[in-house]
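Novice: Below is the sequence, then the predicted model.
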Amino acid sequence: MAHEDGSKPAERLLTRREALRALGAGAAALAMAACGVTTGSPGQVGSAGSTSQPGGKKGGAKPKGTPTTIISKKAAAGRKTNITLFSVFSGDIQKGWIQLAQKYEGVQKDVGVQIIYSPAGSSENNPKLLASIAGGKPPDLAHMSPFNTAQWVELGIMSDLTKYVQRDGIKGEDFWPISWEQMNYKGKVWQVQWDADPNFPLFWNQDLFEKVGLDPDKPPKTIDEVDEYSKKINQTKKGKVTRIGMIPWDTYGPSNSLFTWGWAFGGDFYDPKKQEVTPDNDYVVRALEWMVNYAKDVGGPDKVSVAPPNLQLHPFGTGNIGMAPLVTQNYIEITQAKPNMKIGHGLLPYEGPGATKPGQGAWLGGWAVFIPTGAPNPDAAWDFIKWFSATDEGTKAEWDTVKFIPCYKKASVFNEIKKDPVMKAYYDVIVTTSHARPNIPVGAFYYAQLDTQVSNAVYGKATPIQAMRTAKQNTMKEWRRFEQQHG
Amino acid sequence: MAAISLKQATRRRWSAQGRHNFLWGLFFTSPAIIGLLWFTLYPLLASLYYSFTSYAIFGSYKWIGLQNYADLFSDDTWWISLYNTVYILVLSLPLGILVSLALAMLLNMQVRGLALYRTIFYLPSIVPVVASAVVWAYVFNPQYGILNNILSVIGINGPGWLSSPTWSKPALVIMGVWGTGNLMLILLAGLQDVPQELYDAAKVDGAGAWSRFRHVTVPFLSPHLLFALVTGLIAGFQYFAAPYVLTGGEGGPARSTLIAALYLYQNAFRFFRMGYASAMAWVLFVIILACTVLTFRILSRRIYYGGA
């Protein structure tokens, strides 16, 4: 139709109906997509190619396990006493815990075990557990991250287990030394660590090594060699790093990365004599400088994109990462999902002069169990704790069900573990390591500071030394405040 | 005299009936009233009290006066979290209103399948935040995400979005616009209240589409827009769930998505500084109150309430 002046109307590129249709289709697609992909925790910001993926770290960022199903357990019927465990686990790990509790109910007739899911939340803050204790209705026992021990003791929410430990003849030498150290605070035992969590062996992708001309049987022994190997592996497409040698700033989150590489450089994070945190230790700062330079060399941490988001498998399983420290669960999952992937394992590389041998960066994380103050049945709770964490029969049951490496050194199940082709890598770590994250009254704050400041340094917001000095200053200030107000 | 006595007697009778009704009313609303007092008013007043203490959730607490409030001024993370909150709010609020208005106007037209379109556009607002955050993690993935793939078609090498401190906040703004279904529905209802004869009269007077929108639609929608602005301001300062899910509660990378509510939560439940977190909550409350009062002061005279 022509206008009155004879001109033709302008042809519309898009009618209103078409606009609505296109917008509606987009919105519907997104909405429908939202309904179908909720298996596992979401990925985290800053982890486009991240190793901080679902079910990854325990004792540091998130409990391992596949958080797809939340399951609980009722206590067996007809018992004299029923105890309640607040478990941080879901998925297969929680199923393991249910089986473990059932085994315990099978070996004695007095105590029933109820298990309630109580998610750890970010940094193991576990608001459900803390609220229950604050509200005067604590469970009989609960999972906790060992590094929270000092702070939770100071806040008065943990029961002293020393009398039970002494009564039952449990000794320090029964446990791996670092685990025993974590269980004690100010000369008393407050929790029992049942998961050793050796962090970490180094794993390398032998197929990828071969592909880029590296010897698949020769892993890097030093940090210099990591850099050298990485140059051959790194690959960039359209400005994005699609294949990378290693992601040193994302070894299960910024603070865990710094702990790992800081110790691998020979640094330390805490001076117990001075009661002072030491993130500004020369070797720790050097480790951070290495992480920052590595990120710079590949074009920046935000350029790394080696795995799709929300991937259930650790990104190492994509074959786009050459070398990675892995926790047990992730390694097991990769071997199951990618049975043909050739993976080598050995000790973490080190850097002199601070460190002198491979594997020096390894440390124990893990999970512990404790009896909250005011728990209704502490005796029965202790009996269960002792069984699964400090008896031969119980640790074997734990290994068969939950499948976490025990801290009870005397456990006969270690004969199985050290012969297991998958778990041997972790056994090698557990017998050599001498580190654990510092157990101080402001542990959570310290690790949050390290998370923030490592991230700041890696993203170029501060120099490594500035970042570490800020972390120290803020942590010591908070420690003084905590002592003043709660001491 | 007799008339006065009659009036008094009527009032007494009405009062007796009124009191009876009032008591029954109280009885029926008592669950809500008790809930409000116990679960809202008490925690509100308790948090005000705790904001002057060193309360750590457990055990005793110490009165420390204004120390928590003073500490806030020297806490650079608090200022960063406020900056991030305001940044996201300033971008997402007007953008959200504009998109809702545009969608509402499109949906106010007579096209086939309108009910279906309305349903589809409303749908995202009822998808749980956690689920939508998971989807958006896919959308924003630098390598595999749909957004960067679309950008690459037009020759743009998209950024790292959520893994970039520069682009993480704009990413959250874009994500926020997706859930504008509620506001769209309110504006649509407002649009349907605009009398058609006013548009007809404006047309007869020679008003173009823009003039009709500016002088007819906007005045009629102004109460709805004010509502959107005020509730958006409040929600913006309380923004929490999406950054919490997307960052695992960390607010990264490099604190770029650490918004005020997230920092408050970290202090309360991670660092055991409930007193400090309470002080933050009250400062946020004062900021929200000031913004709301200011908005009403500036805009209340420009709002057109129909024939009122």
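Specialist: Ah, there it is.
Novice: Ends of stretch A:291-308, what's the gap?
Specialist: Taking CA to CA, to the nearest Å, stretch A:291-308 runs 23 Å from one end to the other.
Novice: residue contacts, the residue nearest in space to the middle of chain B?
Specialist: The C-alpha lying nearest the average C-alpha coordinate of chain B belongs to residue B:235 (CA atoms, centre = their mean; 2.4 Å). Listed by CB atoms under 8 Å, 6 or more residues apart in numbering or on different chains, residue B:235 has no contact partners. Heads up, the C-betas are built off the backbone N, CA and C, glycines and all.
Novice: now residue A:260
Specialist: Neighbour list for residue A:260: A:199-200, A:251, A:325, A:348, A:361-363 [criterion: CB under 8 Å, 6+ apart].
Novice: following the lowest-mean-pLDDT helix or strand in chain B, which helix or strand comes up?
Specialist: One helix or strand of chain B scores below all others by mean pLDDT, DSSP states H and E: helix B:2-36, with a mean of 81. Once the chain leaves helix B:2-36, the next helix or strand it forms, by DSSP states H and E, is helix B:42-50.
Novice: And that following helix, what's buried?
Specialist: Buried positions in helix B:42-50, judged by neighbour count with 16 or more other CB atoms under 10 Å in any protein chain shown: B:47, B:50.
Novice: by contact count, what packs against that helix?
Specialist: On a contact count with 3 or more CB pairs under 8 Å, 6 or more residues apart in numbering or on different chains; DSSP states H and E, helix B:42-50 meets helix B:274-299.
Novice: Specify the angle between the helix it packs on and helix B:42-50 in degrees.
Specialist: With axes from the mean of the first three to the mean of the last three CA atoms, to 10 degrees applied, the angle from helix B:274-299 to helix B:42-50 works out at 110 degrees.
Novice: Point out where the chain drops to low pLDDT.
Specialist: In the absence of a named chain, chain A is used. In the predicted model of chain A, residues A:1-20, A:22-70, A:122-124, A:310, A:487 satisfy pLDDT under 70.
Novice: oops, I was thinking of chain B
Specialist: Along chain B, the model assigns pLDDT under 70 to residues B:1-14, B:307-308.
Novice: domain ranges for it?
Specialist: Using automatic domain parsing, the domains assigned to chain B come out as B:1-36, B:69-302.
Novice: and if you look at chain A?
Specialist: For chain A, the structural domains run A:81-198+A:364-430, A:201-361+A:441-486, going by automatic domain parsing.
Novice: could you dump those domains to JSON lines with distance to residue B:53?
Specialist: As requested, those are exported to JSON lines (distance: least, CB to CB, whole Å):
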{"stretch": "domain A:81-198+A:364-430", "distance to residue B:53": "15"}
{"stretch": "domain A:201-361+A:441-486", "distance to residue B:53": "9"}
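Novice: sorry, back to before: specify the local secondary structure of the residue nearest to the centre of chain B.
Specialist: Using DSSP: H, G, I helix; E, B strand; the rest coil, the structure places residue B:235 in helix.
Novice: what's the distance between it and residue B:251?
Specialist: 18 Å (CB to CB, to the nearest Å).
Novice: repeat for residue B:166
Specialist: Here the criterion is CB to CB. By it, residue B:166 lies 15 Å from residue B:251.
Novice: what about these two, which has more around it?
Specialist: Under the neighbour definition other CB atoms under 10 Å in any protein chain shown, residue B:166 and residue B:251 were set side by side, and residue B:251 has more, 30 against 14.
Novice: in the stretch 251-400 of chain A, which spans are helices?
Specialist: Under the criterion DSSP state H, counting those that start in this stretch, the stretch 251-400 of chain A carries helices at the ranges A:254-264, A:282-297, A:328-337, A:378-390, A:392-401.
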